[in-house]
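1. 3D model of this:
(one chain, ligands or ions: 2)
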Amino acid sequence: MGDPYAVDASSLRTNLPAAVEDERLAVPVIDIAALAPGAPAADRQRVIEQLRFACRDVGFFYCAGHGVPQQLLDALFSTTLDFLAKPTEYKQRIAMSNSRVFRGWFALGGELTSYRADWKEGIYFGEDLADNHPDVLAKKPMHGANQWPDVQDFPEYKQTVTTYMSVMTELGHTIMEGIAESLGLAPDFFRKAFTANPFTPFRLFHYPADPVAKHENGEERWGVGVHRDYGCLTVLSSPNIIGLEIELKTGEWVKARQIPGTFVVNIGDMLEVWTKGVVRAAPHRVKNVSNVNRITAPFFFDPNFDCMINPLDITFSDDGKTATAVTAKDTDLSSLTTNPSIRSLTFPLRYGDYILKKVQNNFPELEQMSLK
Ligand SMILES: O=C(O)CCC(=O)C(=O)O
Ligand SMILES: [Fe+2]
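-> Numbers count the residues shown, from 1 in each chain. Ligands and ions are numbered 1, 2, ... in the order given. So this is what the prediction gives:
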């Protein structure tokens, strides 16, 4: 067995097909409003069925009816754009290289996907822990304080980001309840077992307009190279989603559509592990070949950092009606999924170790510091 955390080999694939318009909406739109308590049972059931299809057959959906106020999104994006428009020296004050826990700003090309620089700049946030928090005192990797832009210039930003993260955490729990039900599990199954204190990296990315999208050496330049996400769910909001491309089960690539009022939600590796390949962590990539700058806010809803990950001892029926406990442990995923990030993992593994290694690969210069 090789390095269990080796880079997703599929991201190094060359000659991937170009993405086409998603004319027939292969990526479905799901209005999740009926997942709220008190909604009519039949409406809830309809959402569950749509989620079942989206998670098993696509790995992505557009989430409508999420209830997140547009005002909050507007505040988030406009302040982020104001910050990113500042000179480099200003942004450097909150550089990620000041942080041992991967928080703060990084410059264009500063993050890698599969050893290649992404054509994006961004800011990493997470749960904001005080210096005297036990996890910080214990120097737990990826646990610590955020870096905030100067409060004089950006008086509301900390509040906006913090509010957004807590709203998205609740939304994450709600969607996970629906997914659990779509698998025949109790709605609180994941929360009870794995996500009571979810690990929630939150990122803001800026992809400059890049109509040519070629390096000097003629190689294609990607905003984010092909990858799958690591945890349970990614909830992506953006005023300009165009540029995101998704690989369908057929191997066809489709372009994400701009659907007002929706977030793009996708499944991460850990949900695929737990379900032994029943739900799909789909490959995706970004290229902003347009003439306009693109800004996005991926929020990651992941297992508890210390959660021990194992494929579940459960068989899921195709219709999602039953989830049957099995006694035989099935910890070899190699025949159950083609996802190269997880096929050769050895279980159990701690989620924190999985994501730390991935993020260290994305920021190789920060690896040593992240272990101090
Ligand atoms: O910015 C986007 O459109 C997608 C970003 C992404 O795939 C990620 O951060 O994992
Ligand atoms: Fe992603």
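2. CA only for contacts and neighbour counts going forward, please
-> Fine.
3. Find the helix or strand that Arg203 is a member of.
-> Arg203 is part of strand 202-207, with elements assigned from DSSP states H and E.
4. Could you confirm whether the next helix-or-strand element following that strand reaches ligand 1?
-> Following strand 202-207 in sequence order, the next helix or strand is strand 224-227 (DSSP H and E). No - Strand 224-227 lies out of reach of ligand 1 by Cα under 6 Å from any ligand atom, never closer than 6.7 Å.
5. For the strand holding Arg203, name the packing helices and strands.
-> strand 121-125, strand 294-301 (3 or more Cα pairs under 8 Å, 6 or more residues apart in numbering; DSSP states H and E).
6. among the ones you listed, which is nearest Pro198?
-> Of all these, strand 294-301 sits nearest to Pro198, with 6.3 Å by Cα to Cα.
7. how about that closest one, does it reach ligand 1?
-> Yes - counting by Cα under 6 Å from any ligand atom, ligand 1 is contacted by strand 294-301 at 296, 298.
8. which residues touch that strand?
-> 77, 81, 165, 168-169, 172, 198-209, 231-241, 288 (Cα atoms under 8 Å, 6 or more residues apart in numbering).
9. ok, back up a step: please produce a markdown table containing the helices and strands packed on strand 202-207, extended by mean pLDDT and distance to Leu73.
-> Shown next, in a markdown table, are the helices and strands packed on strand 202-207 (pLDDT from 0 to 100; distance: least, Cα to Cα, whole Å):
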| stretch | mean pLDDT | distance to Leu73 |
| --- | --- | --- |
| strand 121-125 | 97 | 16 |
| strand 294-301 | 98 | 9 |
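10. possible to save the ones you listed as JSON lines with mean neighbour count?
-> Listed next are the helices and strands packed on strand 202-207 as JSON lines, based on neighbours: other Cα atoms under 10 Å:
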{"stretch": "strand 121-125", "mean neighbour count": "23"}
{"stretch": "strand 294-301", "mean neighbour count": "23"}
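11. hang on, the earlier thing: in the sheet, which strands lie alongside the strand holding Arg203, parallel or antiparallel?
-> For strand 202-207, the paired strands and their directions (DSSP bridges) read strand 121-125 (antiparallel), strand 294-301 (antiparallel).
12. Specify the next element, helix or strand, located C-terminal of the longest one.
-> Elements were assigned by DSSP H and E; along the chain past strand 294-301, the next helix or strand is strand 308-309.
13. Run through the neighbouring helices and strands of that following strand.
-> helix 269-274, strand 349-350.
14. which of those is buried the deepest?
-> Greatest average neighbour count among the helices and strands packed on strand 308-309 goes to helix 269-274 (a mean of 25), per mean count of other Cα atoms under 10 Å.
15. Just the C-alpha atoms of that one, please, in PDB.
-> This file holds the C-alpha atoms of helix 269-274, laid out as PDB (Å, rounded to 0.1, in the frame of the first residue of the first chain):
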ATOM      1  CA  ASP A 269     -15.100  12.100   0.700                       C
ATOM      2  CA  MET A 270     -16.100  11.200   4.300                       C
ATOM      3  CA  LEU A 271     -19.800  10.800   3.400                       C
ATOM      4  CA  GLU A 272     -18.700   8.500   0.600                       C
ATOM      5  CA  VAL A 273     -16.500   6.500   3.000                       C
ATOM      6  CA  TRP A 274     -19.300   6.100   5.600                       C
END
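16. Excluding chain neighbours, what is closest to the closest residue to ligand 1 within the stretch 251-372 of the chain?
-> Closest contact between the stretch 251-372 of the chain and ligand 1, by Cα to the nearest ligand atom, is at Thr296 (4.9 Å). Excluding the flanking residues, the one nearest Thr296 by Cα to Cα, 6 or more residues apart in numbering is Ser238, at 4.5 Å.
17. now Arg116
-> Taking Cα to Cα, 6+ apart as the measure, Arg116 lies nearest to Gly225, with 7.6 Å between them; neighbours along the chain are not counted.
18. ok, now Thr79?
-> Residue nearest to Thr79 in three dimensions, not counting chain neighbours: Tyr157, with 6.8 Å by Cα to Cα, 6+ apart.
19. so how many other residues sit close to the residue nearest to Arg294 when sequence neighbours are not counted?
-> Distance criterion Cα to Cα, 6+ apart; nearest residue to Arg294, sequence neighbours excluded, is Tyr207 at 5.0 Å. Applying other Cα atoms under 10 Å, we find 24 residues neighbouring Tyr207.
20. Give me the pLDDT for Tyr207.
-> What the model reports as pLDDT for Tyr207 is 96.
21. Distance check, it against ligand 1.
-> Computed as Cα to the nearest ligand atom, to the nearest Å, the Tyr207 to ligand 1 distance reads 8 Å.
22. thought that residue was touching Asn291?
-> No - with contact defined as Cα atoms under 8 Å, Tyr207 does not count as touching Asn291 (10.9 Å).
23. and stretch 188-195, which residues are buried?
-> Judged by neighbour count (16 or more other Cα atoms under 10 Å), stretch 188-195 contains these buried residues: 188, 190-191, 194-195.
24. count of residues packed around the closest residue to ligand 1 within the stretch 1-150 of the chain?
-> Nearest residue of the stretch 1-150 of the chain to ligand 1: Lys120, at 9.0 Å (Cα to the nearest ligand atom). By the measure other Cα under 10 Å, the count of residues near Lys120 is 25.
25. And Val151, by the same measure?
-> Neighbours of Val151 under the rule other Cα under 10 Å: 10.
26. can you check Leu81 too?
-> So Leu81, with other Cα under 10 Å, has 15 neighbours.
27. residue contacts, His215?
-> Arg221.
28. Could you save the strands paired with strand 202-207 as CSV and add columns showing distance to Asp313?
-> Listed next are the strands paired with strand 202-207 as CSV, based on distance: least, Cα to Cα, whole Å:
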stretch, distance to Asp313
strand 121-125, 34
strand 294-301, 23
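29. So, low pLDDT: which residues of the protein?
-> 1-14, 328 (pLDDT under 70).
30. Right, I'll leave it there.
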